[in-house]
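Student: please find the sequence and the predicted model below.
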Amino acid sequence: MLQKYFLFCLFIFTGFTSFAQEFGTLHGTVKDSTGKAYDFVSVVIYEDQQYSTQTDSSGYFELKVPANKQLTLVIS
């Protein structure tokens, strides 16, 4: 019985670990050449536009993106 419980737990935790490594968080601040922050601009992943967000009033953004892939960030 203990062996079945251990295998069940191992299976569950392995699944969570695999899922956790599929995404990462990209974050930053959008600024112009003088250092002024751009507020409320769009930040989009070019390859898959379902990954998008908008900067806040101080130009800061956070975006959950697929991990281990080269991506192009578009700011508009």
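Tutor: Thanks, I have the structure now.
Student: and the residue nearest the centre of the chain, which of the three is it?
Tutor: Centroid-nearest residue in the chain: residue 64, 1.8 Å away (criterion: C-alpha atoms, centre = their mean). Here residue 64 is recorded as strand under DSSP: H, G, I helix; E, B strand; the rest coil.
Student: doesn't residue 48 lie inside a strand?
Tutor: No: according to three-state DSSP, residue 48 belongs to no strand; its state is coil.
Student: ok, what's across the strand from the residue nearest to it when sequence neighbours are not counted?
Tutor: Spatial nearest neighbour of residue 48, excluding adjacent residues (C-beta to C-beta, 6 or more residues apart in numbering): residue 66 at 7.6 Å. C-beta coordinates here come from the backbone N, C-alpha and C atoms, glycine included. In this entry, residue 66 is beta-bridged to residue 23, by DSSP bridges.
Student: my read is that residue 66 contacts residue 26, right?
Tutor: No: counting by C-beta atoms under 8 Å, residue 66 stays clear of residue 26, with 10.3 Å between them.
Student: give me the low-pLDDT residue ranges for the protein?
Tutor: 1-20 (pLDDT under 70).
Student: all strands of it, in order?
Tutor: Remark: strands assigned in the chain by DSSP state E are 23-29, 42-45, 52-54, 60-66, 73-75.
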